[in-house]
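**Student:** Coordinates only, no sequence provided:
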Ligand code: SF4
């Protein structure tokens, strides 16, 4: 993401039409999950278009705009063409589209194991309780720390995971403080991920070990396999 990628009004939730039965979709594809406790699992990804944030390290700026309006039933039918049990709804920021919740419930009703990747800047309390919410907390170096909606933390449960993408040592120290301040480890699993081509992964691993911090270290698997090629 570059600084010229300023938020586009079309990225905001109010930009969508009145209908609640379709969503603006950037891509639907089958791959291996690259993050979270589901890493490595064959998964269908539904990438919703639009995001009100502009993180400095964003790797999905192509989802900020464009996309196609797709009826809800067509989305589910596309998912069914794959032999898969897990579905990940991602973005962009999926919750920026009001009908996202309807899609999540439909997918759960169809028997899929459903995860939602969200920036942590929008209210997660209305998300279907069967969904695994993978919620970011944005660090200072992301440039979007001010967007964190800390009220969300009270709604986390043991299905959920909280992810910190770390750019440097200052981010690491800040994240440790947030974990302690909100007793995050009592509420959900916590993931620490080094930003791609940022802090050295081994360095982050050493910090976690030295502090005996009870978080899950993770790589973004898809970056190493396919260098974040869209649709992989
Ligand atoms: S929240 Fe996600 S999609 Fe939105 S700008 Fe940040 S990294 Fe990119």
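**Tutor:** Structure's in. What do you need? What you see is a predicted model, and the numbers here were worked out from it, not measured in a lab.

**Student:** What parts of this structure come near the ligand?
**Tutor:** Residues of the chain lying close to the ligand by Cβ under 6 Å from any ligand atom are 51, 53, 54, 55, 58, 60, 91, 92, 93, 119. All C-beta spots, glycine's among them, are computed from the backbone N, C-alpha and C.

**Student:** Which one of these is nearest to residue 189?
**Tutor:** residue 119 (17.7 Å; Cβ to Cβ).

**Student:** Next one, pLDDT for that closest one please.
**Tutor:** Per-residue pLDDT puts residue 119 at 98.

**Student:** measure it to residue 72 for me?
**Tutor:** Look at residue 119 and residue 72: by Cβ to Cβ, to the nearest Å, they are 23 Å apart.

**Student:** helices or strands next to the strand ranked longest in the chain in the packing?
**Tutor:** Of all the segments of type strand in the chain, defined by DSSP state E, the longest one is strand 22-32. If you count contacts as 3 or more Cβ pairs under 8 Å, 6 or more residues apart in numbering; DSSP states H and E, strand 22-32 packs onto strand 42-48, strand 68-71, helix 72-80, helix 221-226.

**Student:** So residue 45 versus the ligand, what's the distance?
**Tutor:** The gap separating residue 45 from the ligand is 13 Å, by Cβ to the nearest ligand atom, to the nearest Å.

**Student:** Please pull out the lowest mean pLDDT helix or strand from the chain.
**Tutor:** Scoring the helices and strands of the chain by mean pLDDT, DSSP states H and E places helix 221-226 at the bottom, with a mean of 77.

**Student:** circling back to that earlier point, for residue 108, state which of the residues of the chain next to the ligand is nearest.
**Tutor:** Using Cβ to Cβ, residue 91 is the member of those that sits closest to residue 108, with 18.7 Å.

**Student:** Would you mind listing the residues in contact with the residue nearest to that closest one when sequence neighbours are not counted?
**Tutor:** Spatially, and ignoring its direct neighbours in sequence, residue 91 is nearest to residue 48 (4.9 Å; Cβ to Cβ, 6 or more residues apart in numbering). Under the criterion of Cβ atoms under 8 Å, 6 or more residues apart in numbering, the neighbours of residue 48 are 23-26, 63, 67, 89-94, 96-97, 100.

**Student:** Let me know the closest of these to residue 203.
**Tutor:** Nearest to residue 203, judged by Cβ to Cβ, of the contacts of residue 48 is residue 90 at 27.4 Å.

**Student:** re earlier: neighbour-wise, which of residue 119 and residue 72 wins?
**Tutor:** Remark: of residue 119 and residue 72, residue 119 carries more neighbours, 25 against 16, as counted by other Cβ atoms under 10 Å.

**Student:** The more buried one reaches residue 93, doesn't it?
**Tutor:** Yes - using Cβ atoms under 8 Å, residue 119 makes contact with residue 93 at a distance of 5.0 Å.
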